[in-house]
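# Predicted coordinates and the sequence they were generated for:
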Amino acid sequence: MTSINSICIYCGSSSGRLDAYASAALSMAESLVNRNIKLVYGGASIGIMGMMADQVLKLGGQAIGVIPKALAHKEVAHQHLTELHVTQSMHERKMLMAELSDGFIALPGGIGTLEELFEIWTWAQLGFHQKPCGLLNVEGYYDSLIEFLDHVRAEKFVKHHHRAMLMVESGPEALLDRYVDYQPPTVEHWLGKDET
Ligand code: AMP
C-alpha cells in the first residue's frame with residue numbers, strides 16, 4: 001500500500017460549460033478531506049481550481065497553493081489557503097507542486113491542465129518519480145483524449161506499461177482507491193523487455 005498524504009490536482013482556471021465539472025471538483029475536495037489528504041494545487045481563487053480549494057477549507061482540510069509571481073495577480077491568488085507558495089517561475093511552480101505531492105490527478109481543464117498532466121506523466125515514464133498519475137473523466141470530458149492515447153499505444157509510440165500508468169476513473173473515490181494500491185513499473189518495464 002502506498003501512503004498518500006497529499007495529492008496535486010490540476011484543473012481548469014475556468015468553470016467550464018457543465019455544472020458537472022464544478023460538482024466533480026467539490027466531490028474530489030470532499031474525498032480528499034475525508035481521507036485526510038492535503039490538496040496541492042495552482043493557488044488560484046478562480047475557476048474550478050478556486051471552488052475546489054474553497055470546499056477543502058470549508059470542510060476543515062488543508063489546501064496548499066503554488067503560484068508563480070507573474071500569475072499571482074492574473075489568476076487571483078487565493079488569500080485564505082493553509083499555505084501559499086509564490087514562485088519565481090512556472091517551472092519552479094510545477095517542480096514544487098510535484099515535490100509536495102504523493103500523486104497527481106487532472107480534472108477537466110484547459111491547455112494548462114493538459115500541459116501539467118503530460119509533464120508529470122512524462123516524468124513518471126522516465127522514472128524521475130514513482131508517484132501515481134490519473135484522470136478524473138467527468139461526463140466523458142476526456143473520452144477523445146483517452147481514445148487518442150490508445151492510438152498512440154497501438155502505433156507503438158508508448159510502451160504498454162507506460163500507457164497503463166495513467167489511471168482513469170469517473171469518480172474520485174474509485175481513483176483514490178487505485179492510488180493507494182499503485183505499483184510503479186519495474187526496471188524490466190522501463191526497458192520494455194516484456195513487450196514485443
Ligand atoms: P487551464 O487549464 O488552462 O485553465 O490552466 C490551469 C492551470 O494551468 C492554471 O493555474 C495555469 O496557470 C496553469 N498553466 C497555464 N499554462 C501553463 C503552462 N504552460 N505550464 C504549466 N501550467 C500552466
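Yes, it's here. Numbers count the residues shown, from 1 in each chain.
# Where does this protein get nearest to the ligand, residue-wise?
With C-beta to the nearest ligand atom, the shortest gap between the chain and the ligand falls at G112, namely 2.2 Å. C-beta here means a position set from N, CA and C on the backbone, and glycine is covered the same way.
# Specify the beta-bridge partners of the residue nearest in space to the middle of the chain.
Here the mean C-alpha position of the chain is nearest to the C-alpha of I105 (C-alpha atoms, centre = their mean), at a distance of 2.4 Å. Here I105 sits in beta bridges with I9, G134, going by DSSP bridges.
# rewinding a little: isn't the residue of the chain closest to the ligand right up against S13?
Yes: G112 lies in contact with S13 (C-beta atoms under 8 Å); the separation is 6.6 Å.
# about what we covered before: who are the contact partners of the residue nearest to the centre of the chain?
Going by C-beta atoms under 8 Å, 6 or more residues apart in numbering, I105 touches 7-10, 28, 133-136, 175.
# And the helices in this protein?
Along the chain, counting by DSSP state H, helices occupy 19-34, 47-58, 69-72, 90-99, 111-125, 143-154, 160-164, 172-180, 187-191.
# would you turn those helices into a markdown table with mean neighbour count and mean pLDDT?
Formatted as a markdown table, those follow (neighbours: other C-beta atoms under 10 Å; pLDDT from 0 to 100):
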| stretch | mean neighbour count | mean pLDDT |
| --- | --- | --- |
| helix 19-34 | 20 | 98 |
| helix 47-58 | 22 | 97 |
| helix 69-72 | 16 | 91 |
| helix 90-99 | 17 | 97 |
| helix 111-125 | 17 | 97 |
| helix 143-154 | 12 | 98 |
| helix 160-164 | 16 | 95 |
| helix 172-180 | 18 | 97 |
| helix 187-191 | 13 | 62 |
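# Leaving out chain neighbours, which residue sits closest to G42?
M49 (5.6 Å; C-beta to C-beta, 6 or more residues apart in numbering).
# Is that neighbour in contact with Y41, as I believe?
Yes: the pair formed by M49 and Y41 meets the contact definition of C-beta under 8 Å, at 5.8 Å.
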